[in-house]
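S.K.: Sharing a model prediction with you, sequence too.
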Amino acid sequence: MLKPKRRSVIKLAGSAAAVASTGMAGILASGRTPAYAQQKTVHWLRWVDFVPASDQLWRKELVPQAEKELGMKINIETVNGNDLQPRTTAAIQSGSGPDLIMAFNNTTYIYANSVVDLTDLAEDLSKREGGIFKYCRSFCSDGKIFMSMPWAVPGAMISYRKSWLEEAGATNGFPKTWQEYRTVGKKLKAAGHPIGQTLGHTFGDAPTFTYPYMWSWGGKEVEQDGKTVAINSKETIESVKFMTDFWKEAHDEGALAWDDTNNNRAFLSGTISATLNGASIYIEASRKPDTYQTEKGKPMKDDIQHSPLPAGPAGQFGMHLMQSTMLMKYSKNQDAAKQFLKWVHTEKNYEKWFLSQKGYSTPCTAKWEEHPLWKQDPVMAPFKVAARLGQAPGFAGLPNQKAAEALSKYIVTDMYAKAVQGMPAEESVKWAESELKKIYSA
C-alpha cells in the first residue's frame, strides 16, 4: 500500500483545520465549496422529440434514475432540430457548451476535429448487439475513429390517407412509381387533397425526400472517387423537369418552405393526403383518436398507412434521418459523459426509451430488429428496416465532410426548389453543380 507524501498530508490537514476553525463563514468567504461537496454535471443537448412521450420519459424517469445510479447531475436541454447545428458551431467557437450534443446525419464529419473518439463505447455496443448497421456506422465513423455514438434512425416513409388514395385510383396499394404517384396526385389535388411536401431548409423531411428522389432517376452528387462533381447529368435534369410538373399538378404549393412540423399539422387537420414523414403523424393520431378524425367522424389513425418512396427509372431509394451523440473535446466532464453514454446504451435503459417511441425510431444495431414491438402494429412494420436499408448523402462517394457541407447548405433541395419556383431545369442543375464544385474542389 502506497503512503501519501508528507506534504499532501500536511495540505489536507491544514484544509480540514481551516474548515473546522472558520466553519461556514470561512467557506463563504473563500468563494469556493469544499471539493467533497462538488458533483459532476453532464449537459446533453437534444432535439425536441416528435414523440412527446419520450421527452417526458427522460425528465420523469430516466434522468432521475441515471442521477441516482451514477451519482451525477444530468441536464437535458431540448431545442428545435434545426437549431442543433448552429448551437454546436457556437459552442465549439466559444470553447464551452453542452458536453453531449445530438448530431444529424453526416454533420459529424464537420465537427470531427472537435469531438472525443468514442470507438471504445461504439464497438462495445456493436459487439453486444449484433453489429452496428453499415448505414449508421458510415455517419458516425470515418474508418479511424467514431466521431459520435450511434443513437437511432427515425425512418422516413410516406404517411398517406388510404381512403383518399383509393378514391383517386390507387386501389392496389400505394403507387409504385413516380409516374403513378403523379397521376394519383393530380386527382387528389383536384379533389382538394393535395400532397404536402417541403422543399425548405429543414433537417428532416426536405433532404430525406430530395436525395432519394434524385437517386431514383440516376442522379448523383459526385462520382465514386468522391471528387468529381456529377450532378449535371441528363438523369438529374429529367428529374428536375418531372418534379416541376409534378409539383404544380399534385402538391400544395404553399408547402415550399415548411419545416418538419408543418406537414404534421396539415395532415392531422385533413389539409393534405400524403407526406414524407416519420411515424409521428400516425403515433399522434393513435394517441388521440377522438381528436383526430376523418370527415366521416371515424378515427383518422385507422385510415393512415405508410409506404417507402416510389421507384424511378434507376430504382427505389431511401434516406433516413440518422441521430448520434457527440462528446465535445472542450468538455470538462468527459469521463462522466462517457459513463452516462454507457448507461443509456445499456439494454434495459435504452429499451425504455425505444418502447416510448412506439416504432418511430429504429435502433442502430441488429439486435433490435427482433424486438416484439415490431409485431404489435402492422402499420408500423415498414419502419423496422429503416436503419438497414438507407443510402447516405454524398453518393456515389462517401458521406464525408464535403458531403456533410453540401447537405447542410441544402444544395440538392434548393436545386428542386428553384425549379418549381420558375427557374429552368438546366439552370437549376447548373447552379447546383457550381455550388458543389465550390465544396468538392476546395
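M.R.: Looks like it came in fine. Residues are numbered from 1 along each chain as shown.
S.K.: Next, Val222: phi, psi?
M.R.: In terms of degrees, to the nearest 10, the main-chain angles of Val222 are phi -140, psi 170.
S.K.: The closest residue to it other than its chain neighbours: neighbour count?
M.R.: Of all residues not flanking Val222 in the chain, Gly397 sits nearest, at 4.6 Å (C-beta to C-beta, 6 or more residues apart in numbering). In short, each C-beta sits where N, CA and C put it, glycine included. Neighbours of Gly397 under the rule other C-beta atoms under 10 Å: 21.
S.K.: Now for Gly397: which residues touch it?
M.R.: Taking C-beta atoms under 8 Å, 6 or more residues apart in numbering as the criterion, Gly397 is in contact with 221-227, 403.
S.K.: how long is stretch 165-184 end to end?
M.R.: Stretch 165-184 has an end-to-end distance of 7 Å (criterion: C-alpha to C-alpha, to the nearest Å).
S.K.: oh, I was asking about stretch 287-299
M.R.: 11 Å.
S.K.: In it, which residues are buried?
M.R.: For stretch 287-299, the neighbour count (16 or more other C-beta atoms under 10 Å) marks 292-294, 299 as buried.
S.K.: How about stretch 78-97?
M.R.: Using 16+ other C-beta under 10 Å as the test for burial, stretch 78-97 gives 78, 81-82, 84-85, 87-88, 91-92, 97.
S.K.: Which two among those are spaced furthest apart?
M.R.: The largest separation in these, counting by C-beta to C-beta, is between Thr78 and Ile92 at 19.9 Å.
S.K.: where are the low-confidence patches of the chain?
M.R.: Applying pLDDT under 70 to the chain flags the ranges 1-38.
S.K.: show me what contacts the closest residue to Asn349 other than its chain neighbours?
M.R.: Distances taken as C-beta to C-beta, 6+ apart place Trp343 nearest to Asn349, at 6.1 Å, with adjacent residues excluded. Residues in contact with Trp343, defined by C-beta under 8 Å, 6+ apart, are 66, 69-70, 349.
S.K.: Now Trp343: which helix or strand?
M.R.: Per DSSP states H and E: Trp343 is located in helix 334-344.
S.K.: Likewise for Lys430?
M.R.: helix 425-440.
S.K.: which helices and strands does that helix pack with?
M.R.: Applying 3 or more C-beta pairs under 8 Å, 6 or more residues apart in numbering; DSSP states H and E, one finds that helix 425-440 contacts helix 234-250, helix 401-408, helix 411-420.
S.K.: That helix: which residues count as buried?
M.R.: In helix 425-440, counting by 16+ other C-beta under 10 Å, buried: 425, 428-433, 435-436, 439-440.
S.K.: neighbouring contacts of it?
M.R.: Contacts of helix 425-440 (C-beta under 8 Å, 6+ apart): 221-222, 226-229, 231-232, 236-237, 240-241, 244, 402, 405-406, 409, 411-412, 414-416, 418-419, 423.
S.K.: Might you calculate how far that helix sits from the centre of the chain?
M.R.: On the basis of C-alpha atoms, centre = their mean, to the nearest Å, helix 425-440 is displaced by 26 Å from the centre of the chain it belongs to.
S.K.: repeat for stretch 60-79
M.R.: Offset of stretch 60-79 from its chain centre (C-alpha atoms, centre = their mean): 22 Å.
S.K.: got the buried residues for that stretch?
M.R.: Neighbour-count burial for stretch 60-79, counted by 16+ other C-beta under 10 Å, picks out 62-63, 66-67, 70, 72, 74, 76, 78.
S.K.: Stretch 367-376 now?
M.R.: Quick answer for stretch 367-376 (16+ other C-beta under 10 Å): 368, 373-374.
S.K.: Alpha carbons of it, as PDB, please.
M.R.: Taking Å, rounded to 0.1, in the frame of the first residue of the first chain, the C-alpha atoms of stretch 367-376 are listed here in PDB:
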ATOM      1  CA  LYS A 367     -30.500  -7.000 -32.100                       C
ATOM      2  CA  TRP A 368     -33.500  -4.700 -32.100                       C
ATOM      3  CA  GLU A 369     -35.000  -5.900 -35.300                       C
ATOM      4  CA  GLU A 370     -36.300  -8.900 -33.400                       C
ATOM      5  CA  HIS A 371     -38.000  -6.900 -30.700                       C
ATOM      6  CA  PRO A 372     -41.600  -7.800 -30.100                       C
ATOM      7  CA  LEU A 373     -42.600  -4.100 -30.600                       C
ATOM      8  CA  TRP A 374     -42.500  -4.600 -34.400                       C
ATOM      9  CA  LYS A 375     -45.200  -7.300 -34.200                       C
ATOM     10  CA  GLN A 376     -47.700  -5.200 -32.300                       C
END
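S.K.: just how off-centre is it within its chain?
M.R.: The answer for stretch 367-376 is 21 Å, by C-alpha atoms, centre = their mean.
S.K.: contacts for that stretch?
M.R.: Contacts of stretch 367-376 (C-beta under 8 Å, 6+ apart): 128-130, 354-355, 358-359, 362, 380-381, 384-385, 388.
S.K.: repeat for stretch 180-187
M.R.: With C-beta under 8 Å, 6+ apart, stretch 180-187 has contacts from 165, 168-170, 175, 194-195, 242, 245-246, 249-251, 274, 310.
S.K.: rerun that using 10 Å as the cut-off
M.R.: The contact list for stretch 180-187, computed with C-beta atoms under 10 Å, 6 or more residues apart in numbering, reads 158, 160, 164-170, 172, 174-175, 177-178, 188, 193-195, 197, 242-243, 245-251, 273-274, 307, 309-311.
S.K.: Please, a PyMOL command that selects the buried ones among the residues you listed?
M.R.: Those of the contacts of stretch 180-187 that count as buried under 16+ other C-beta under 10 Å are selected in PyMOL with:
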select buried, resi 158+160+164+165+167+168+170+174+175+178+188+193+194+195+197+242+243+246+247+249+250+251+273+274+307+309+310+311
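S.K.: Please narrow the contacts of stretch 180-187 to those residing in strands.
M.R.: 158, 160, 274, 307 (DSSP state E).
S.K.: Trp58: which of these is nearest?
M.R.: Closest approach between the ones in strands among the contacts of stretch 180-187 and Trp58, by C-beta to C-beta: Ile158, at 29.3 Å.
S.K.: what about that closest one, distance to Trp151?
M.R.: Ile158 is 24 Å from Trp151, where distance means C-beta to C-beta, to the nearest Å.
S.K.: which one among the buried residues of helix 425-440 gets closest to Thr108?
M.R.: Ile439 (16.8 Å).
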